[in-house]
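K.L.:
next comes the sequence, and after it the predicted model I'd like to discuss.
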Amino acid sequence: MHDKYSEISAHWHGFTQMASYEPLVIRQAEGVWLTTIDDRRLLDGVASLWCNVHGHAKKEINQAIVEQLDRVAHITTLGMSCDTTELLAQELVRCTPGDLSHVFFSSDGSSAVEAAIKMAFQYWQQTGQSSRRKTKYLALHSAYHGDTTGAVSLGGIEYFHKLFAPILFTPIRGPLPCSYRRPEGVSEEDASQYYASRVESLLKQHHEELAAVVMEPLVQGAAGMITHPKGFLRRIRELCDRYDVLLVCDEVATGFGRTGTLFACEQEQVTPDILCLGKGLTGGYLPMAATIARPKIYDVFLGPVAASKQFFHGHTFAGNPLAAAAALASLSLFEKESVLSDVVPKSEHLRLRLDVLKDCPHVGSIRGRGLMVGIELVQDRESKTAFDPALLLGRKVCELATKLGVWIRPLGDVVILMPPLSIQETELNMLADVVVSSIQEVVNGFDPAIKIHTSL
Ligand SMILES: Cc1ncc(COP(=O)(O)O)c(C=O)c1O
């Protein structure tokens with residue numbers, strides 16, 4: 001019998017085994033630094049789950065939230081709106097690629113994807129008799145698009161998603177366009193063509209029943225920072241046009257500067273039909289997400305009220321004005337400060353600092369784009385054979401890093417580094433050095449030659 005009041009933690013954490021959870025509680029944060037309730041300082045190496053952009057307690061964002069709070073905290077977006085939310089919609093239209101023109105707000109990345117699934121579905125239902133069969137989705141192998149039921153249906157990470165199969169819809173499953181593990185005989189240069197041709201076979205076969213291809217552009221984050229070969233996204237855009245299937249790009253993880261451009265799609269000059277944003281939208285301060293559509297989608301939802309063409313979807317806290325104020329402040333910081341132009345030099349610096357791991361026989365790959373980095377630990381580098389997952393090596397590396405002052409969280413045996421974009425050089429050095437020595441100690445034996453800047 002549980003004694004209600006004697007439990008250490010009343011808080012049930014996601015993706016966390018509570019039986020062995022050792023509470024790690026933060027009381028304050030500033031910049032990239034987190035302070036625990038027992039006064040330990042930790043560098044936030046995963047940007048509070050990939051969402052913090054400008055650092056914690058950024059004056060401009062705090063101020064924008066407080067000013068908004070004095071005006072109004074919340075207004076529904078069902079049939080009305082707040083001026084701050086209106087302004088944000090305009091700004092998002094301005095800064096997103098191509099002719100993306102209409103912003104549908106929700107509160108988290110999964111909901112942004114969920115809205116995209118339903119938006120694509122309803123679009124085809126209202127486009128014409130012959131399109132009504134378009135009710136399926138193509139998602140990539142090892143895809144991750146969130147944890148609500150529709151998003152999990154698109155998901156393809158066995159460990160996370162398999163359990164829920166009986167309550168999910170089944171997508172058409174595309175390849176894993178992985179640059180690191182390519183099929184034998186497929187060179188790096190040929191990889192994008194190879195993977196795209198596999199998608200094309202599926203489109204050829206299924207296009208009449210396909211509503212949309214849903215994918216993360218350039219990097220599949222939760223799959224383990226799987227980087228796509230150059231040109232893959234561009235080819236998928238062309239295929240979607242050729243086979244009359246919508247392209248939904250999930251930039252919940254890659255958006256807002258992570259990969260070195262404001263949106264990853266820009267790097268291959270691609271405009272998706274529907275773009276999903278979340279995480280960094282508010283600078284990582286408040287829950288807000290957006291599903292942004294092109295006019296060709298939006299227009300199909302217009303008509304007389306009696307025609308019932310409006311989008312049948314909506315959330316209570318969608319477009320929340322406090323979150324919108326934070327998002328506007330974050331976007332203006334991108335303009336005022338050199339956040340975006342600094343991402344590539346910072347990522348190059350980080351890579352150089354991590355280069356020492358190239359001598360580690362158990363580091364298979366250091367990959368990613370911009371400040372979105374994964375270090376894959378492998379048993380055998382030559383054959384790219386993974387370690388036995390039961391060894392929990394990724395986890396052990398991260399536990400050691402935390403002891404050394406850097407908070408990171410692995411994805412299996414891929415050690416993830418995703419600091420706030422505002423991270424400074426000395427902080428990058430500490431992040432890299434702690435990660436290097438943690439990996440060396442856990443998989444290789446500790447190399448004392450690596451100096452850790454714990455004085456920061
Ligand atoms: C690509 C992608 N899509 C969707 C989501 C879900 O976002 P949220 O956790 O805000 O629901 C995530 C979260 O990590 C993600 O990485």
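P.N.:
Arrived safely, thanks for sending. Everything quoted here is computed from the prediction, not taken from an experiment.

K.L.:
tell me the buried residues in stretch 327-338?
P.N.:
327-331, 333-334 (16 or more other C-beta atoms under 10 Å). Just so you know, the C-beta spots here come from the backbone N, C-alpha and C atoms, and that holds for glycine as well.

K.L.:
contacts for it?
P.N.:
With contact meaning C-beta atoms under 8 Å, 6 or more residues apart in numbering, stretch 327-338 is reached by 53-54, 58, 60-61, 63-65, 84, 87-88, 91, 95, 256-257, 262, 280-283, 285, 288, 339-340.

K.L.:
just the buried residues of stretch 327-338 now: which is nearest the ligand?
P.N.:
For the ligand, the nearest member of these is residue 327. The distance, counting by C-beta to the nearest ligand atom, is 14.2 Å.

K.L.:
once you drop chain neighbours, what's closest to that closest one?
P.N.:
residue 282 (4.6 Å; C-beta to C-beta, 6 or more residues apart in numbering).

K.L.:
residue contacts, that neighbour?
P.N.:
Contacts of residue 282 by C-beta under 8 Å, 6+ apart are 61, 288, 323, 326-327, 330.

K.L.:
quick one, grab the pLDDT at it.
P.N.:
Per-residue pLDDT puts residue 282 at 98.

K.L.:
go on, the one 4 residues further on?
P.N.:
If you check residue 286, the pLDDT there is 98.

K.L.:
quick check, residue 47 in contact with residue 54.
P.N.:
No - with contact defined as C-beta atoms under 8 Å, residue 47 does not reach residue 54; the gap is 10.2 Å.

K.L.:
residues shared between the contacts of these two?
P.N.:
Shared contacts of residue 47 and residue 54 (C-beta under 8 Å, 6+ apart): 420-421.

K.L.:
Throw the buried residues of stretch 327-338 into CSV and include pLDDT and secondary structure, thanks.
P.N.:
Formatted as CSV, the buried residues of stretch 327-338 follow (pLDDT from 0 to 100; DSSP: H, G, I helix; E, B strand; the rest coil):
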residue, pLDDT, secondary structure
327, 99, helix
328, 99, helix
329, 98, helix
330, 98, helix
331, 98, helix
333, 98, helix
334, 98, helix
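
K.L.:
ok, residue 347 - contacts?
P.N.:
So residue 347 contacts 260, 368-371, 373 (C-beta under 8 Å, 6+ apart).

K.L.:
and the average pLDDT for the host helix or strand of it is what?
P.N.:
Following DSSP states H and E, one finds residue 347 within helix 339-354. Mean pLDDT, helix 339-354: 98.

K.L.:
then stretch 256-271?
P.N.:
98.

K.L.:
distance of the residue nearest to residue 271 when sequence neighbours are not counted from residue 327?
P.N.:
Excluding its sequence neighbours, the residue lying closest to residue 271 (C-beta to C-beta, 6+ apart) is residue 98, at 2.9 Å. Distance, residue 98 to residue 327, by C-beta to C-beta, to the nearest Å: 20 Å.

K.L.:
and for the lengthiest helix in the chain, what's in contact with it?
P.N.:
Secondary structure of the chain per DSSP state H: the longest helix is helix 188-206. Applying C-beta under 8 Å, 6+ apart, the contact partners of helix 188-206 are 136, 138, 172, 174-175, 177, 179, 182-183, 186, 210, 213, 228-232, 235-236, 239-240, 242-243, 245.

K.L.:
pull out the buried residues from that helix.
P.N.:
So helix 188-206, judged by 16+ other C-beta under 10 Å, has buried residues 191-192, 194-196, 199-200, 202-203.

K.L.:
list just the nearest of the contacts of residue 347 to residue 27.
P.N.:
Checking these against residue 27 with C-beta to C-beta, the nearest one is residue 371 at 26.0 Å.

K.L.:
tell me which element that closest one is part of?
P.N.:
Short version, using DSSP H and E: residue 371 is in no helix or strand.

K.L.:
send me the top strand by length along the chain as PDB with only the CA atoms.
P.N.:
Criterion DSSP state E: the longest strand present in the chain is strand 373-380. Output in PDB follows, covering the C-alpha atoms of strand 373-380 (Å, rounded to 0.1, in the frame of the first residue of the first chain):
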ATOM      1  CA  VAL A 373      25.100  16.700 -32.800                       C
ATOM      2  CA  GLY A 374      25.000  12.900 -32.200                       C
ATOM      3  CA  ILE A 375      28.000  10.800 -31.200                       C
ATOM      4  CA  GLU A 376      27.300   7.100 -31.900                       C
ATOM      5  CA  LEU A 377      29.100   4.500 -29.800                       C
ATOM      6  CA  VAL A 378      29.700   1.200 -31.500                       C
ATOM      7  CA  GLN A 379      31.300  -2.000 -30.500                       C
ATOM      8  CA  ASP A 380      33.100  -2.300 -33.800                       C
END
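
K.L.:
next, the angle helix 339-354 makes with that strand.
P.N.:
Counting by axes from the mean of the first three to the mean of the last three C-alpha atoms, to 10 degrees, strand 373-380 lies at 30 degrees to helix 339-354.

K.L.:
and the very next helix or strand once past strand 373-380, how far out from the chain's middle?
P.N.:
Using DSSP H and E, the helix or strand that follows strand 373-380 in sequence is strand 385-386. Strand 385-386 has its C-alpha centroid displaced from the chain centroid by 25 Å (C-alpha atoms, centre = their mean, to the nearest Å).

K.L.:
neighbouring strands for strand 385-386, and are they parallel or not?
P.N.:
Using DSSP bridges, strand 385-386 pairs in its sheet with strand 373-380 (antiparallel).

K.L.:
I'd like the average pLDDT over the partner strand.
P.N.:
On average, strand 373-380 scores 96.

K.L.:
for it, which positions count as buried?
P.N.:
Buried-residue list, strand 373-380, by 16+ other C-beta under 10 Å: 373-379.

K.L.:
what do you get for stretch 173-189?
P.N.:
For stretch 173-189, by 16+ other C-beta under 10 Å, it's 174-179, 182.

K.L.:
so for it, mean pLDDT?
P.N.:
96.

K.L.:
ditto for stretch 25-35
P.N.:
Mean predicted lDDT for stretch 25-35 stands at 98.
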